[in-house]
Structure formats: C-alpha cells, structure tokens
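Visitor: Sharing a sequence plus its predicted fold:
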2 protein chains.
Amino acid sequence: MAPKVTYSDLVIIGAGPAGLMAAAWASRLGLNARILDDKVDRVQTGRADGLHVRTLEILDSFGLANAINEKAYQLREICSWVRAARLPLRAGYADCDKNPDPEDDSKIKRTERVRAKEEEHGRFCQLGIHQGFIEQNFIDFLRREGRLNVERNTATKSLQLDEALMSDHAAYPICLRIGRSTVTMNGDTADQGWRSPQEEIIKARYLVGADGGHSWTRDQVGIRLEGGKTKVHFGVVDIVPITDFPDIRISCSIHSTKTGSTMTFPREDRLVRFYVQLAETGSEGDDFDTSKVTPEMITEKASKILSPYKLSYKHCNWWSVYTVGQQCAPSFSKDGRVFLVGDAVHTHSPTMGAGMNVSMQDSYNLVWKLGQVIKGIAKPDILDTYNAERQSVAQTLIEMDREMCDFYEKGAGSDAHNYDEFYERFRTFLSGVGVEYGPNALVVPAREDGSRDSRSCTDLDKSRQTRGFSRRSLASKIPIGQRLPSFLVLNHSEANIVHVHSVLPADGRWRLLVLAGDISKASQMARLRILCERMDAPSSFLRTYTPEGDKVDSVIEVVTIHAAPRHKVELFSLPELLRPFDPKLGYDYWKCFANNNAGEEGDFDDAYAKWGVDKDEGCLIVIRPDQHVSLVCGLQEVEEVEQFFNTILVPQQRRKATAAACE
Amino acid sequence: MAPKVTYSDLVIIGAGPAGLMAAAWASRLGLNARILDDKVDRVQTGRADGLHVRTLEILDSFGLANAINEKAYQLREICSWVRAARLPLRAGYADCDKNPDPEDDSKIKRTERVRAKEEEHGRFCQLGIHQGFIEQNFIDFLRREGRLNVERNTATKSLQLDEALMSDHAAYPICLRIGRSTVTMNGDTADQGWRSPQEEIIKARYLVGADGGHSWTRDQVGIRLEGGKTKVHFGVVDIVPITDFPDIRISCSIHSTKTGSTMTFPREDRLVRFYVQLAETGSEGDDFDTSKVTPEMITEKASKILSPYKLSYKHCNWWSVYTVGQQCAPSFSKDGRVFLVGDAVHTHSPTMGAGMNVSMQDSYNLVWKLGQVIKGIAKPDILDTYNAERQSVAQTLIEMDREMCDFYEKGAGSDAHNYDEFYERFRTFLSGVGVEYGPNALVVPAREDGSRDSRSCTDLDKSRQTRGFSRRSLASKIPIGQRLPSFLVLNHSEANIVHVHSVLPADGRWRLLVLAGDISKASQMARLRILCERMDAPSSFLRTYTPEGDKVDSVIEVVTIHAAPRHKVELFSLPELLRPFDPKLGYDYWKCFANNNAGEEGDFDDAYAKWGVDKDEGCLIVIRPDQHVSLVCGLQEVEEVEQFFNTILVPQQRRKATAAACE
C-alpha cells in the first residue's frame, strides 16, 4: 500500500525543549503544524537543568513560568571554595577566608560568596529544574490548547527538497517520509489519533529541525558542525547528597590543585547536581575510556575534592559523562525552508547552564516569523533574520564557553581573577536579557548605531532606502534590539498593578506601544488625538496590514501607557482607537495603562523613569511578537512606523487581489 | 437486599466551598473520610464571587492560591457615586466632585475614590472570581491527591445518633443512611467507584454538615437558625456590560435618592456583577413578588441608576434575586459529633462579599481539630473550641452586615459619613486577617488579656490551673490568637527569599517557631543550645506526643528563624534538632531561616522588626495547624510549651498502653 500523503505548513522534528517551544508557538498561532519525535516518551530524569531569566520571561509569555518557578530551586547565591588558595582575596564576607595558609591543603576553604544579581534584570531569578519537568509543562500546554499533539515513536526516513518550488512561498517543496514503529507506548495517549498505514509522506512548506546534537535533519541538508571536542571529560551526577558540606544548597565551584575541580548546582526535590572533572588533556585523558565511568566513581572523586567534608548518597537520580567541546554550524538554515535550532547547530559545555535556554530561544525567535510568513502577513525575507540573529548569539556563547572552561580548569582564585569579576562580564548575556538583535529588517537602529553595521544583512541596505532611524534619546534606557525591560504599571480602568510583559503575551501580534506622556495636559492630549486620527485613517498601517474582516488589533495591537496621574484622566476622554468597542463585549479596558509617576500610586516602578522616557514628550515603540524592540520614534511619527512595516509586512489588499487572480 | 454498611471516621455532607475545604483538610491529613453531594455537578456560574485576603492565605496553604489569583479580578480601588449629593465631601481626588449642586439630579457624580488597603495586611488583595472556579480547583486538588472523590448524586436519607456511644471517641455513634439516584452523570467521572446497592449505611465517628442555607443536617440535629429575613430584595446579575460608565472595572457603590442604589463588583472574563435594590420595606416590598423578576428588569433598573451613562448587555452569565436577612444558629455543633459549617449556620447579605470566605474558614478551623482527635493526637475537648471560635466570628459578621445594609440603603455620603470611614472599621475583620480566637484551650492569652476572659470557655478554667500566660512583650506586634502575619525571610542554606507562611503549609502539624535571635553572639547561641538540649530530652513534649516510630517532626515541627547575619553562622553550628538528619535524605535544609536585619540582605522585610521581636532576646511561638498563634513565651521557657501541649495533646505512650489493654 502506498504511503498516505498529507500536507502541513510546518513540521517540527524533535520534541525536546527547542522542539516543544516551536510547537507552543505553532499552537498559539493556530498553524497547520506537526511535531514528531522518535522516542517513546519525554525525558524522565537529568539532562539540562538550568533556566535563566529571559527563558522564564518567555515561558511566562505562554503562561508556563509560574508552575516551573514554584517547583524549581531558585539560585540566589554562588560560592567559591579552594584548597590551599595562594592568592590574596578581596575583602569579603565574615565567613570567607581572607588569607589562607598557602601550605595548608588539609581542607577546602570558602573564598568567595556572591549574591546572584540576575533578579536585577527582571522578575525572575535563575532556576534549577530538570528538563523533563519543563517538557511536561509544554506537553500539558499543547493538550490544553488542543491543536498539536507530540507524535511519538515516529522516525524520519527521508527528506527531499524540490528546488523548482523553492521560490513559491505558497508551495510545499519539502517532502518528508516518516514511519511509526510498533513499540508499545507505555500508556502515552498523545498518539491515539494515529492510524495505519505505518508510513506517511508529509509535504511541507517549512521544516524545523530540533533533533539535537546528532541531528538527522542537519545531516540531510548537508550542514556540518564546525569546531571539535577537547579531551576534557566531566562526570555528572544528580544525587540526594548526604553531606556536612555547609554550602550544599548553594551553587559552588570547588577547586583543588591536588584533587581536581567540581561544580555543584542544587535542584528541586533535594537533588544536587555535581560536575566533576575526570581527566585532563595531556594527562591520562588522551585515551580516557568514558565507558568505564560509574556514578560511584564520580561521587568518590567529588568526595575527595570536598574533603574533609564528607559526601555520599543513597539515591542517584541520573548520571552521565560528557566530553567538553564547542561546535557551531556555519548556517542555521537551508534555502529559507529548513531551519535548525538548538543542539542541532551549537554545542558547548554545560558549564554555564545555557544550553536548554539558548535552544528554546532559537525556536522562540524563529517560529513567530514562520507563522507570519505562512499566514501571508509578513514577507518571506524576514526569515533571513533568524540566521543572523541566532548564529551571532551561538557564536558569542561559544566564545564565552571557551573562556569559562579555561577558567574552571585553572580554578577560581588561581589567577588573580575571581569568580564574581569573571562572571560579571557574562551575566547580562547569559541571563538572556542582554541579547541584542540587528540592525536588520526587524530592528531599526538609532542613528548613532549606524557605524556598527558591520554585520552583513542582505536586506538591510534595501530597507534603509525607505526607512529612517530609531531615536534612542526618546527612550534612553531602552536598548533597541533587546527585549523591552518590563516594569509595573497600572491598568487605567481597574487600578490593577501589572507587569508590562503581561500585556505582551506570545500570541504573534506586533505591538505599538504608545507612551503618551502626561495627557492631563491639554497640549499632550491634543498630540495624542492627532496621532490616533492618523492611525485611524483608511490608509493607515493598522488597516493596510490587517486582513479585511479581522479585528483592527489582530496584526498590530496598540497599547497605551500614559504618564498622567491616573485620576486626572477618564478613559473615555481617550480616542476610541485606544479602547476599541465591540458590539457584544463593550469597550476594551485592557489596552490602556498609567505610569506610576514618582511613586504617587504606591511603592512600585516608575516605568517612564526606568525606560528613560520624558513625560512631556512620550514616544512610540514598535515591539516584535517576541518582545524585542524594533523601533523607537516620536509620538507623532506615524510615517516612521509606517515605513518600518512597509518593508516587512504584506499589504492585505494586494494579497486579496492576487488570491482572486489565482482562482 | 439490605443496604451495605460501611465505616468512616468523617463524613462531609455538601460539596460547596465549605464542604470542599473540609475535604481538602481530610485529604491532606489522610483521614478515612467521605464527601457526599446531592447535586450532579459543581456550580457552573454565579453564586458567591468574592475572596478576601485571609481566604487566599488559606488556599495558598493548600497550594491553590496562584491559579485562582491568576484568573481572578483583583480589587484595588473602590468608588462611590451619588446623584445630587447634598453633603460636603472630604478633600479627595481631582476627579471627585467636591461640591456638587444639591439641586442637580441630572447625573451621578463620583464623590469618593478609595484605594483598597487589604494588601497592607498580606500578600494578596481581594479578588472577584465565581464560586465554580474555586470549587473546580478543590476538585482538581482532591483528584491529584487521590484520597477523596466527591460522591455526587448522593442523597442523605436519615441520620441517627447513638447516645450510648457518644462518650467513646473511638466509637461510631453516627448512623447515616444515603441513597444514590440514577440520574445521568453528564460525564462526571468522580463517582465511578460507586457500586450497587443504591442504598448504603455509613457508620461515622464525626459528621460535618456543609449543606447550605437549607441544611438537611441542621434540621436532623434539631438546630434552628435565629433571626429572620427583611423585606428588602436585591436583584443580582452577572453580565458583560456595554457601557460608557467610566468606573465599570472598579467596585462601585452608586446611590440615588430618586432611582435607588446599586453596587458593582467586577470579575474575571469581562464580567461585572450588579446588585440592584428592587424594593424597600414599607413600600411596594411588603408583598413583592420575586418570581416575576427577570435579568432584563434588574439591568434596566441599574441602567436608570447609572443614567446619563448607558448600560446594556448581550451576554448574561447568571442572575438571581435575594431577600436580605441575617440569621445565625445558637450552636454550631451537636454533642461534639456533628458539626455545622458555612451557610448551614449563618446567613447574611452578600453586601460584604464575605459568605464564601467565612464558610471556608469555618471548615479550615474545624477539620484539623477533627483530624487530630481522630488520629488520637489531641484530646476530644479541643473540638469545643470550634463552636466558640466560629460562632463568635459569625455573630460579629452579622452585626456588621446589619450596619452595612443600613448604610447602603441610606446611601454613601448621605449621612455625614463616607464609604472609606465606614469601611475602615470593618476592613481588618472582613479581610479575615484580623480574626482573633480565644482565650481558650488552644490560645494562651497574655497576662494583660486576663480581664478580657468574659467569654465562657468550658475548659479554660481547667487549663489555667496548669498553664501560664503568653508574654506579649516578647513579640509585641503579634496578636495572640490571630494568624501569624507572614513576612519574607531567607532560607539559611539556600539564601532563597520565602514567605514565612510557605513553611506553615496545611499538613496538620503544630509548629514551634524558634525565634533564636542573633546567634552570632556566643551567649545567644548558648541559650539556643540549652533550649535544644531540653527539647531533645526523652521526656520532652517532642517525644511525648509523637507516636513511636514516627519522625520527630510529625506532630510538632520545630522551625528556626534566627536574626544573626546569615553569613556569620554555619548551619552545622546549630544543634541537630534544628536540622534533623535522615539516613537516606541527608540533613533537612528547610527548617532554618535567617531574618533580613534592617535590609542587609536586600530590599525586603525585617520580620523581627515587623513582629516586634528583640534580636537579643528572641522568643518561642507555638503556631496551630491553621497558622493561628497559640502561645508566645521566652526562648528557654520549654515548660510553658510543655504545659500548653499537656492540656490538649494525648501522650503517645499512654495511648499505646490503652490500645494493648483493649486487645
């Protein structure tokens, strides 16, 4: 019997964190999409276990952060311990040894205690939680939404790209042959919709390869990782430790020239992960046989490093051995049709706990763009930004990882630098909130950034012809291309205090943030009215790019945050565009917010001040569906916004005409 | 066929909020318990819809607050509107009319705007969310725990109490005959465990009647409500309003002498509840026919009150008519075996949004006591405190309700008082955090409170013979008998910032809070060591009342919060009692916390300062399983704690001996 042939706009291969993040987007955007995985079930124990601040913001945009935050270990402090430190240490805490005897190697000593500063960047702190729990939260999310199921036990057989169809973005040039093995599903009900035959051919418009370090998809499209493995081997164990080591519930780096190094990372359910260096290049490591390693050996080595503190365990949850290496793909996509995310295109050591985060962030960056192209909202050109934006992040990460591995091998405190200073350089980037995209088609730089445009960006020169620059001075503390920092503001109609990110959920919409300034002043209210008249015109970008029949906010949502004292402005004095009316549901009270000017509404943020926005001036901010800032311009510079969207979105009238011509 | 006879330690009749709270306790305590309901499913729409701060703390102690908090409307502001206000108003906000023309009755005017202050009392604010959502969260909780299912479609047929067995607390004097109708279950799977025969006789030790205003249980035990109904009728609608009234997303009281009064309470999913006074005593109300009321009529009347603002709707979620009345049962229990909770023993107007809260709090107060008695941990005498503690709350509530109804009938601002001043008197009590129990067997008053002991308490005089007084001066801002106010502290081992309530979950355990003071001082550490030596002695209350073979913290858990700078004290310098060791799991790192002294650890609470506890003195606080404070005494006054537990708990050695004698 010939295999069944089906059509899908998007196929995701691999249901790890990166694939599931892609599926979450596809579900939210209502795409005709599938997610396939060759394994029987999700990861049960171990693997990745660190979540950084930006990842939590992203999870929160899907409503998934709270459950994870409640279960996870919250990392608030990092300590360094050294055996026989030889160097003077910075003035530190009372319990840190400031001047250890260089000859005394009988015990390890705490040399440094650093309060984690990630919470300065946002609402969350770094978490320790095993990958499987995060996967389960995504799986539950997909079930609740009811659009995609993870199709497990599904192997990919062959992949062909039809070159002739590549230029037609409505075509299905991808031909993916899959098969489902007959292994018992162990009670997993996600696949009950599956029917024979066992083989199927999926014709797809776009493909996302999220199938890990040994990516089958990557091999099929002929992309090879560059870089290589070192001969440094680490053993990893997740145990419930029985120990008198006082910092066992703190993330520690422990270094001893005599007995080696270990790093610890506490976790949920009393677990602690130990990374233990097993062998070094040039010593026994050259022909080190990783197959002979046992969790007992790893713990025994950790125990020696910790001595005189004792370490043992009764319960080991997971263990593994890995060989340090840094690899990156030269390209993250093939012909603008096949895209690779996560471990498929970058691998590095787990030293920074970044892997799962960067992988999920790849998908978060990619799939809203795919969704907009698939739906005919945005031009296919925007897909080029995926490669530019995420490859750059991967390369920076790999450079950091090399430095970090070097640092850990040498040991904290061993080379006139200490952990705090070292880590400080990476902190903002690693937390994810410091990641900055562009300039490119989706990010309009400020004029003073022009000279930084060394990065090649195929469509940048073109777009420059029609669009201007962001005006950084209008929002001096908002880095263009970074995610918008979230602060607390008041819902104008409810007086409820909410985070700005809570009005930027992952639903695929662009947002125009109208920072209207102090509209209790007549002149400022007049400026706002003129802005809204322009945006309300039939030729406005709000109409041009919104499919006929859809709500005016379905592609670009206008959200206002004014800086008048909330009690001095009535909602109904604002133009209706900012509080749209629905004949069944009445007015929309959840699009207009008030700033907390200098604490007049309570002990929380003054968002205007934190963003560096003048209350008598205001500004417009275009925010991408992934919360990154595209453009900052003056409150009435509608033409700047117009020009920005002109370069990337598809006018809906034209699309209608084309569709008619095809029929 | 004769009905099946089964045995149960506890039967709960009714699965509304009060019954489900009782079931949640029973589940957590692992009781052999049942919960029966005569209806096919939970409430779907409408009914109660307000949650106060203390209720959210309680829900949080079962892990249920976050989901509810995310979905609900958060009440942050309250406004008063008046048509033709005749009285001078307090200096207020810019948008409040300070001097309305007494003759101008063409429109309603905002006369007052009050920021809700409940958040001052705790971590939550008042919420608006329909009863069914809360019930569903309880039902999901019970399913997750897997111990109790709501048995629906189950009618109670007869109830007999066997007087001869009453004095034997191990006996089953309650004989409850139930029957299950054959109505289709509409997909509800909670009852699948049910088997024929259709009738069953349950022999029970204790019974909780949570079966509402028309309580069958109450009738069976011959208790009659006292008080009566007025002739004031209110119409209630839950609608998605279409209106230009600017405060539609604020809780408002709107009064007009000409067109009547309405109160609004915004809710989840764009809904707003309107309470509209339909008829008043002495006017058409005397023979007002509530059966003729429609939601259109109610909204029409509200619309007239709001005029010139418009009000209409396309979607009505629920509506009802109620007649104001205040009723209370003279006793909340029968023979210490049958207990009544919620609407079964107190009814009042919904004006204060208190009903569902007080009902759930009844069960929260009662069922941990039942659990301790059923398990043989506590003496049956403690059950007497339920009646004393909760009847007093109900009576206070009913007095307030009378005043409140009177206030609303007359209209805010109409009688030289305004809403803010009026509400201020009730705020702390209504939020639930101001509710104070005792003095009684479970609450040891401070000496200066002795004169207040006018309330009759059967076992109080007896217990006085053997126990002392609380020393309020040691924790000057902790009202004895109220729930412990929760502040943020640091986990000593993890540096994680947590609320004290998070270490007081609803698991049925007593807690001894050791506020150890600044133990970086040798003298204070020495005091702590002596305390622990005494508590560790074989004759200590920690041993006496803990069943042999159980963990030392299974009945009374010792939790430490010290006030040393966290970095100056190592966990392992503390006595092991405060960080107990388990041979499989290692040390317990979640029982010792550090105070944030004067903000040295960050911008959060100094709990010692907020509790009024001296850092050089410290104290011991005994906390009930429902988070209320039983006793405050000196850091080394083990004998005070001992005497307190002596009066209420059952020594476990003695129980063992008795059991042996019976066999």
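Guide: Thanks, I have it.
Visitor: Stretch A:256-267 close to chain B?
Guide: Yes: Stretch A:256-267 lies within reach of chain B by Cβ under 8 Å from any Cβ of the partner chain, at residue A:266. C-betas here are computed from N, CA, C, even on glycine.
Visitor: Extract the residue ranges of the stretch 451-600 of chain A that are flagged as low pLDDT.
Guide: Counting by pLDDT under 70, the stretch 451-600 of chain A shows low-confidence ranges at A:451-466.
Visitor: repeat that with 90
Guide: Residue ranges of the stretch 451-600 of chain A with pLDDT under 90: A:451-468, A:548-549, A:552, A:600.
Visitor: Show me which residues of it are close to chain B?
Guide: Contact residues, the stretch 451-600 of chain A versus chain B (Cβ under 8 Å from any Cβ): A:491, A:493-497, A:565, A:567-568, A:570-572, A:583-587, A:589.
Visitor: Go through these and flag which are in strands.
Guide: A:491, A:497, A:586-587 (DSSP state E).
Visitor: in chain A, which helix or strand is least confident?
Guide: The least trusted helix or strand in chain A, going by mean pLDDT, DSSP states H and E, turns out to be helix A:460-464, with a mean of 48.
Visitor: so residue A:595 touches residue A:489, yeah?
Guide: Yes: using Cβ atoms under 8 Å, residue A:595 makes contact with residue A:489 at a distance of 5.9 Å.
Visitor: shared neighbours of these two, which are they?
Guide: Here residue A:595 and residue A:489 share the contacting residues A:561, A:607, scored by Cβ atoms under 8 Å, 6 or more residues apart in numbering or on different chains.
Visitor: ok, these two, which is more surrounded?
Guide: Neighbours were counted for residue A:595 and for residue A:489 using other Cβ atoms under 10 Å in any protein chain shown; residue A:595 has more, 30 against 27.
Visitor: what's the closest non-adjacent residue to that one?
Guide: Leaving aside its chain neighbours, residue A:595 sits nearest to residue A:563 (4.3 Å; criterion: Cβ to Cβ, 6 or more residues apart in numbering or on different chains).
Visitor: Tell me if I'm right that the one you found and residue A:521 touch.
Guide: No: checked against Cβ under 8 Å, the pair residue A:563 and residue A:521 is beyond contact range at 10.1 Å.
Visitor: a helix runs through residue A:31, doesn't it?
Guide: No: membership of residue A:31 in a helix is not supported by DSSP: H, G, I helix; E, B strand; the rest coil, which gives coil.
Visitor: I'd like the distance between it and chain B.
Guide: Using Cβ to the nearest Cβ, to the nearest Å, one obtains 26 Å as the distance from residue A:31 to chain B.
Visitor: That residue: what's it in contact with?
Guide: A:9-10, A:370-371, A:374-375.
Visitor: hey, where'd the helices end up in the stretch 551-663 of chain A?
Guide: For the stretch 551-663 of chain A, the helices defined by DSSP state H, counting those that start in this stretch cover A:607-611, A:638-648, A:652-662.
Visitor: Mind giving me the packing neighbours of the second one?
Guide: Which is helix A:638-648. Here helix A:638-648 touches helix A:460-464, helix A:522-536, helix A:541-544, strand A:619-623, strand A:629-633, going by 3 or more Cβ pairs under 8 Å, 6 or more residues apart in numbering or on different chains; DSSP states H and E.
Visitor: Figure out how far stretch A:234-254 is from the centre of its chain.
Guide: 28 Å (Cα atoms, centre = their mean, to the nearest Å).
Visitor: Need the distance between the two termini of it.
Guide: 14 Å (Cα to Cα, to the nearest Å).
Visitor: So that stretch, near chain B or not?
Guide: Yes: applying Cβ under 8 Å from any Cβ, one finds stretch A:234-254 in contact with chain B at A:240-244, A:246, A:248-250.
Visitor: Most neighbours out of those residues, which is it?
Guide: Ranked by neighbour count (other Cβ under 10 Å), the residues of stretch A:234-254 next to chain B have residue A:241 at the top, with 27 neighbours.
Visitor: so who does the residue nearest to that residue when sequence neighbours are not counted touch?
Guide: Take residue A:241 and drop its neighbours on the chain: the residue closest to it by Cβ to Cβ, 6+ apart is residue A:272, 5.1 Å away. Each residue near residue A:272 by Cβ under 8 Å, 6+ apart is listed here: A:238-241, A:248-249, A:264-266.
Visitor: Tell me what residue A:272 is bridged to.
Guide: Beta-bridge partners of residue A:272, counted by DSSP bridges, are residue A:239, residue A:266.
Visitor: Quick check, pLDDT for it.
Guide: We have a pLDDT of 98 for residue A:272.
Visitor: repeat for residue A:418
Guide: 64.
Visitor: And for the closest residue in space to residue A:4 that isn't next to it in sequence, the neighbour number?
Guide: Spatial nearest neighbour of residue A:4, chain neighbours left out: residue A:200 (5.0 Å); criterion: Cβ to Cβ, 6+ apart. Around residue A:200 there are 22 other residues, counting by other Cβ under 10 Å.
Visitor: all helices for the stretch 301-450 of chain A, in order.
Guide: Secondary structure of the stretch 301-450 of chain A (DSSP H, counting those that start in this stretch): helices at A:355-374, A:384-410, A:419-431.
Visitor: Determine the set of other helices and strands touching the second one.
Guide: When you say that, I think you mean helix A:384-410. Using 3+ Cβ pairs under 8 Å, 6+ apart: helix A:384-410 touches strand A:226-243, strand A:260-266, strand A:311-328, strand A:346-347, helix A:355-374, helix A:419-431.
Visitor: So which elements touch the first one?
Guide: Just to be clear, that refers to strand A:226-243. Secondary-structure packing of strand A:226-243 (3+ Cβ pairs under 8 Å, 6+ apart): strand A:272-279, helix A:295-306, strand A:311-328, helix A:384-410, strand B:586-587.
Visitor: now the angle between strand A:260-266 and the next helix or strand after that strand, please.
Guide: The helix or strand immediately downstream of strand A:226-243 is strand A:251-256, counting by DSSP states H and E. Between strand A:251-256 and strand A:260-266, the angle comes out at 170 degrees (axes from the mean of the first three to the mean of the last three Cα atoms, to 10 degrees).
Visitor: so which of the helices and strands packed on helix A:638-648 comes closest to residue A:23?
Guide: Closest of these to residue A:23 is strand A:619-623, at 23.6 Å (criterion: Cβ to Cβ).
Visitor: what's the angle from that closest one to helix A:638-648?
Guide: Using the same axes, to 10 degrees: strand A:619-623 against helix A:638-648 is 10 degrees.
Visitor: between strand A:619-623 and strand A:629-633, what angle do the directions make?
Guide: Strand A:619-623 and strand A:629-633 meet at an angle of 160 degrees, taking the same axes, to 10 degrees as the criterion.
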